[in-house]
Every structure is written in C-alpha cells, then in structure tokens.
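Colleague: model the following, please.
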Amino acid sequence: MRWPMAVRLARRELRGGLRGFRIFLACLILGVAAIATVQSVSSGIIEGLREDGQAILGGDVDVRRIYRPAEGDELVHFRSTGDISITAEMRAMARIDDGRSTLVELKSVDTAYPLYGSVELSTGDSLAATLAQRDGVWGGAVEPGLLDRLGIALGDRVLVGDIAVEIRAELVREPDRASDGFTLGPRLMVVPAALAATGLVREGSQISYHTRIRLPPGTDVAAYAEDLRDRFPDAGWRIREFSDAAPSLERMVRRLTVFLTLVGLTALLVGGVGVGNAVKAYLDGRLPTIATLKGLGASGRLIFQTYFAQILILAVIGIAVGLAIGATAPLVINGIVSDLLPVDARIGLYPMALVVAAGFGILTAIT
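Modeller: Residues are numbered from 1 along each chain as shown. Next comes the predicted model:
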C-alpha cells in the first residue's frame with residue numbers, strides 16, 4: 001500500500017531537476033539505442049532474405065549438381081512442371097595481353113535467366129544484347145572488381161581459356177548473387193555458347209550446374225522438392241527451396257547480430273558502473289532529505305520505495321529515448337549502406353528487437 005505514496009514522493013523529488021542523473025540517463029540511452037539499432041537492422045536484413053527468397057535463389061526451387069547438367073528424363077520433368085533456367089558456374093583465370101591475370105567466378109546464363117528479379121547493367125542495355133557474339137567476339141558482363149584488378153576498362157578484352165571476351169558492361173545487380181555464399185573472385189558472366197568455346201568444359205572440370213524452376217502459383221514448394229528426391233533418388237542433386245535461399249548469409253547475419261549485441265550489452269554493463277556511481281552520488285546528496293523523512297516518521301521501506309521509484313521512472317524515460325533512437329537509426333544506416341548489402345533490407349518497426357533492448361536496459365538500471 002506504500003507504493004502510491006512512494007511514487008508521489010518520487011515525482012516531487014524529480015521536480016527539482018535531473019542533476020545527478022545525467023550520467024545515468026546518458027549510459028542507459030546509448031546502450032539501449034545501440035542494442036535496439038543492431039537488433040532492428042538484423043531483423044530487417046533477415047526479413048529481406050525471406051521476402052526476396054525467390055530472386056535470391058533464382059527460382060522457387062534450385063537443383064544443383066556438380067560435373068553434369070540436368071538431362072534426359074530430368075529435363076523433361078522439369079519443363080513439364082514449370083519454367084526453367086539453367087546456369088553453369090566455375091572458377092577460371094582471366095588474362096590480358098601483358099600477362100596479368102586474376103581468378104574469376106565464371107558464370108554462363110541462358111536466355112530465360114533470371115526467372116525472378118532482374119539483372120542491372122551499368123550501360124542500361126539488356127543482358128542478352130550485352131553477352132551476344134559480335135564480329136566473332138563474345139561479350140561479357142563483370143563485377144567492377146575485375147576491371148580494378150586488371151586495370152582495364154569497358155570495351156577491353158580478356159582471355160578466358162581459348163577465347164577472348166569483350167567486357168561490355170559492369171554488373172550493378174545480380175539478383176541471385178547472395179545465394180552463392182563464399183566466392184574467390186569477381187563475377188564474369190557469359191552465355192553457354194561462350195563457356196563451351198573456352199575449352200574449359202571437359203571431363204573433371206569442377207562446374208556447378210544449376211537448374212532453377214519457377215513453379216505455377218499455389219504449388220506446394222516443399223512437396224515438389226520432396227517429390228524430386230523420391231522421383232530421382234540417385235540423381236546426386238542438392239535441392240534448395242526459396243525459403244532457404246541464402247543459408248550461409250543468414251547464419252552470418254545472425255552471428256554478427258549476436259556479436260554486436262554483446263558489444264552493445266558490454267557497453268551497457270560498463271555504463272552500469274557509471275549508473276551505479278551516479279545513483280550513489282545522488283543518494284549521498286539526498287541524505288538531509290532522507291533524514292527529514294525519517295524524522296517525520298517515514299519507514300525505511302517507504303524511503304527505499306521512493307528512491308527506487310525515482311530510478312524506475314528515470315529508467316523508463318531513458319529506455320524510451322533509447323528505443324526511439326534505436327527504431328529510427330536503421331533508416332539512416334540503411335540509406336548509407338544499402339548499396340553494400342546483398343539484399344534489400346526491410347527496415348521497419350520490429351517489436352521483438354525493441355523488447356530485447358528494453359529488457360537489457362531494465363536489468364542494467366535495477367542491478
């Protein structure tokens with residue numbers, strides 16, 4: 001029954017200002033804001049992975065096999081169930097006439113590519129026109145890193161295997177790039193005929209063939225994938241669904257989130273030392289008031305509740321400000337780093353991210 005009285009006394013005490021609690025509030029606001037920001041950005045990236053799963057994977061289902069592409073009855077079945085696109089990926093060396101070379105991720109794409117999303121080129125031209133053969137020379141689209149490594153520009157040629165490839169455009173966006181996971185070199189994209197002409201496709205070459213399938217709307221993707229496993233038990237495929245388009249990237253984001261959250265929590269706990277010192281200094285300054293309350297008959301319990309209520313009120317204010325910063329900061333961060341992310345993060349209000357930050361803030365304030 002003493003809590004209403006304690007809250008009233010706490011409010012009256014706080015009318016005198018926040019002197020002595022500025023460090024308390026600063027530590028709490030910064031720590032909560034950091035954790036809320038990290039959690040919100042992480043939630044936005046993971047949500048982007050899930051919503052863009054089809055574009056990231058390149059289809060509703062991706063069937064990958066090393067050394068040989070889908071063929072015969074496999075292709076017949078794929079084509080009977082939906083639209084398909086076949087790509088091949090391998091590592092190769094790109095060379096120029098002066099002897100410089102660099103490792104590239106060579107990828108051939110067919111005319112159906114991509115089934116979802118779109119390829120953006122620096123020239124604004126279509127992918128088919130860019131990669132087509134002109135005057136006996138195949139075209140290629142590359143990531144900017146290849147130009148930087150070899151010191152070349154658009155219009156120059158690189159040697160890949162037995163052929164020269166003319167670099168006609170930079171890849172601004174490759175929709176399924178995030179699904180590749182770890183890569184060793186920049187992308188060089190060509191058509192299947194150009195890949196065949198390189199002479200690199202031979203027995204023993206480590207080539208990953210991907211058959212992406214776009215299924216009719218309403219198809220149960222999980223059931224379709226399971227049927228493939230049952231229908232072709234010895235095919236040697238790795239089958240992925242769009243709901244798990246980039247597992248390695250999602251794991252990396254989650255691990256980075258845990259690390260950054262621990263960094264924010266460490267800052268919050270270290271700030272807790274400042275919080276404790278601020279509270280102690282404040283209470284030392286209120287000893288005359290405490291003595292007066294004791295002289296007027298206030299119990300030790302009421303006095304404890306009064307100053308505990310003050311700390312809770314200020315903690316709620318500090319946490320609220322920290323959450324407000326943590327909820328809005330991702331908007332600014334996304335505008336700065338959006339071009340560096342492999343997916344479009346769905347920045348928004350994620351209640352659970354704010355609950356986690358608020359929980360850490362409360363624990364720090366009362367311990």
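Colleague: mind telling me what element Gly359 is part of?
Modeller: helix 351-366 (DSSP states H and E).
Colleague: list the buried residues of that helix.
Modeller: In terms of neighbour count (16 or more other Cβ atoms under 10 Å), helix 351-366 has its buried residues at Ala353, Leu354, Val356, Ala357, Ala358, Phe360, Gly361, Ile362, Thr364, Ala365. Quick note: C-beta positions are derived from backbone N, CA and C, even for glycine.
Colleague: which among these gets closest to Asp234?
Modeller: Ala353 (45.5 Å; Cβ to Cβ).
Colleague: now do the closest one against Ser40, distance only.
Modeller: Using Cβ to Cβ, to the nearest Å, one gets 5 Å for the distance from Ala353 to Ser40.
Colleague: any residues in contact with both of the two?
Modeller: Common neighbours of Ala353 and Ser40, using Cβ atoms under 8 Å, 6 or more residues apart in numbering, are Gly326.
Colleague: Pro69 in helix, strand or coil?
Modeller: coil (DSSP: H, G, I helix; E, B strand; the rest coil).
Colleague: wait, doesn't it sit right on Ser85?
Modeller: No. At 11.9 Å, Pro69 and Ser85 do not qualify as touching, with contact defined as Cβ atoms under 8 Å.
Colleague: the more surrounded of the two?
Modeller: Of the pair Pro69 and Ser85, Ser85 is the one with more neighbours under other Cβ atoms under 10 Å, namely 21 against 17.
Colleague: I figured the more buried one was touching Gly59, is that so?
Modeller: Yes. Using Cβ under 8 Å, Ser85 makes contact with Gly59 at a distance of 6.8 Å.
Colleague: overlap in contacts of those two?
Modeller: Joint contacts of Ser85 and Gly59 (Cβ under 8 Å, 6+ apart) are Leu115, Arg212, Arg214.
Colleague: of these, which is the most crowded?
Modeller: Ranking those using other Cβ under 10 Å puts Arg212 first, with 29 neighbours.
Colleague: just the helices from the stretch 151-300 of the chain, written as ranges.
Modeller: 192-197, 221-231, 247-285, 287-295, 300-337 (DSSP state H, counting those that start in this stretch).
Colleague: and these: which comes nearest Val109?
Modeller: Closest to Val109 of those, according to Cβ to Cβ: helix 192-197, at 7.8 Å.
Colleague: for the closest one, buried residues please.
Modeller: The neighbour-count check on helix 192-197 (16+ other Cβ under 10 Å) flags Pro192, Ala194, Leu195, Ala197 as buried.
Colleague: dump the residue contacts of Val321.
Modeller: Leu25, Ile29, Ala33.
Colleague: phi, psi for the second one please.
Modeller: Right, the one you point to is Ile29. The phi/psi pair for Ile29 (degrees, to the nearest 10) reads phi -60, psi -50.
Colleague: residues contacting it?
Modeller: Gly318, Val321, Gly322, Ile325.
Colleague: partners of the biggest strand by length in the chain, with directions?
Modeller: Counting by DSSP state E, the longest strand found in the chain is strand 83-95. Partner strands for strand 83-95, per DSSP bridges, with pairing direction: strand 101-109 (antiparallel), strand 157-160 (antiparallel), strand 208-214 (antiparallel).
Colleague: then the first one to CSV, C-alphas only?
Modeller: When you say that, I think you mean strand 101-109. Output in CSV follows, covering the C-alpha atoms of strand 101-109 (Å, rounded to 0.1, in the frame of the first residue of the first chain):
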residue,chain,number,x,y,z
SER,A,101,45.7,-12.4,-64.7
THR,A,102,43.2,-12.9,-61.9
LEU,A,103,40.8,-15.6,-60.7
VAL,A,104,37.1,-15.0,-61.7
GLU,A,105,33.8,-16.7,-60.9
LEU,A,106,32.7,-17.6,-64.5
LYS,A,107,29.0,-18.0,-65.0
SER,A,108,27.0,-18.8,-68.1
VAL,A,109,23.4,-17.9,-68.2
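Colleague: ok, and what's touching the helix or strand that it is followed by?
Modeller: Proceeding N to C from strand 101-109, the next assigned helix or strand is strand 120-121, under DSSP H and E. For strand 120-121, the surrounding residues in contact (Cβ under 8 Å, 6+ apart) are Leu127, Thr130, Ala141, Ala169, Glu170, Leu171, Val172, Arg173.
Colleague: next SSE after strand 120-121?
Modeller: Counting by DSSP H and E, what follows strand 120-121 is helix 127-131.
Colleague: that following helix: what's the following helix or strand?
Modeller: With DSSP H and E, the next secondary element past helix 127-131 is strand 138-142.
Colleague: show me what that next one packs onto, helices and strands only.
Modeller: Counting contacts by 3 or more Cβ pairs under 8 Å, 6 or more residues apart in numbering; DSSP states H and E, strand 138-142 packs against helix 127-131, strand 163-173, strand 187-190, helix 192-197.
Colleague: highest average neighbour count across the ones you listed?
Modeller: strand 187-190 (a mean of 24; mean count of other Cβ atoms under 10 Å).
Colleague: and it, average pLDDT?
Modeller: What strand 187-190 shows for mean pLDDT is 94.
Colleague: okay, the buried residues of helix 351-366 in CSV with distance to Thr183 and pLDDT next?
Modeller: Compiled in CSV, the buried residues of helix 351-366 are given as follows (distance: Cβ to Cβ, whole Å; pLDDT from 0 to 100):
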residue, distance to Thr183, pLDDT
Ala353, 30, 85
Leu354, 35, 87
Val356, 33, 86
Ala357, 34, 86
Ala358, 39, 87
Phe360, 36, 82
Gly361, 40, 82
Ile362, 43, 82
Thr364, 41, 76
Ala365, 45, 73
